[in-house]
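Visitor: This is the structure alone, sequence omitted:
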C-alpha cells in the first residue's frame, strides 16, 4: 500500500461547479498536510497548508483534514477555467522530514 | 524577487551518459530540495541541501547525487543514465532553518530530461 493515494482523474467540471479533491494516507505520523497546484509546464505552487485535523479556508479554497480517517480534501468553490491544473496533495510528519506527494489529480474547468 | 531558476529546461541524453542539472534558489533561501516527477511514480523526493550539507535523502540509487555551493546554488548529477531516468526534475527552495516539509517550498519550472 502506498503511503499516499490520490485519484489521478481526470476530472472535468463546468465553470462555477464545486470541486472536491481527495487523498488518503496510511502513515499515522503525518501531521502536516499541503495542497499544491501545478499548471502545465510549470513547477508546483503551494495552495494550502494545514497542521493536524480541521478545516482551513482561503478565498474559494477550503482544505479539510480528518486524521481519524486518514483522509484529506480540497474544495474549490465557484470553479474557474483558470483553476484547470493538476492538484497534488503532500504530507509530512514524524521523524522523516521529507514531503510525500500524491500522484496528482488533473482538473479541467470548462467555460 | 526572482523565482527559482533551473537550467537547462530541456535535455536529451543517451543511456550510459551522465548529466548535471543546475538550480538557483530564491535570493536568501538556504535550503534546496530536488524532486523527480514521472507519470507513473508522481513527485518523489531525491535530496535536500542546507548550508552546503545534505540534510535529508530519499530512496534513490547512488547514481543520483547533488551538491550545494556557498551561494546556495545547487547542482544535481545523474551518472550512467538509464531509460527510466527520463523525467521532470524539479528544484525547490525554502528559507531554511526548518526542513522543507515544515516550510513553504517554492518550485522552479523543472528540467525535462529525456534518455534515449
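Guide: Happy to help now that I have it. In this text the structure is predicted, and so the values were computed from the model without any measurement. Numbers count the residues shown, from 1 in each chain, chains lettered A, B, ... in the order given.

Visitor: Show me what from chain B comes close to chain A.
Guide: B:4, B:41-45, B:48, B:55-56, B:58, B:90, B:92, B:99-102, B:104-110 (C-beta under 8 Å from any C-beta of the partner chain). Placement of C-beta: from N, CA and C, glycine included.

Visitor: let's see it at 6 Å
Guide: B:42-43, B:45, B:56, B:90, B:99, B:101, B:104, B:107-110 (C-beta under 6 Å from any C-beta of the partner chain).

Visitor: List the ones among those that fall in strands.
Guide: B:42-43, B:45, B:56, B:90, B:107 (DSSP state E).

Visitor: from the residues of chain B next to chain A, which would you call buried?
Guide: For these, a burial check counting by 16 or more other C-beta atoms under 10 Å in any protein chain shown picks out B:42-43, B:45, B:56, B:90, B:99, B:101, B:107-110.

Visitor: Walk me through the regions of chain B where pLDDT falls short of the threshold, as ranges.
Guide: Scanning chain B for pLDDT under 70 picks out the ranges B:1.

Visitor: where do the strands sit along it?
Guide: B:5-7, B:10-13, B:19-24, B:31-38, B:42-50, B:53-57, B:64-68, B:74-78, B:87-94, B:106-107, B:111-115.

Visitor: Report the buried residues of stretch B:83-95.
Guide: Buried residues in stretch B:83-95 (16+ other C-beta under 10 Å): B:85-95.

Visitor: still on that earlier bit, any chance of the strands of chain B in TSV, with distance to residue A:105 too?
Guide: Compiled in TSV, these are given as follows (distance: least, C-beta to C-beta, whole Å):
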stretch	distance to residue A:105
strand B:5-7	25
strand B:10-13	26
strand B:19-24	27
strand B:31-38	15
strand B:42-50	11
strand B:53-57	27
strand B:64-68	27
strand B:74-78	27
strand B:87-94	17
strand B:106-107	18
strand B:111-115	22
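
Visitor: Contact residues of chain A facing chain B?
Guide: So chain A meets chain B at A:42-44, A:46, A:92, A:97-99, A:101, A:103 (C-beta under 6 Å from any C-beta).

Visitor: Among the residues you listed, find the lowest-pLDDT one for me.
Guide: Of all the residues of chain A next to chain B, residue A:97 carries the smallest pLDDT score, 73.
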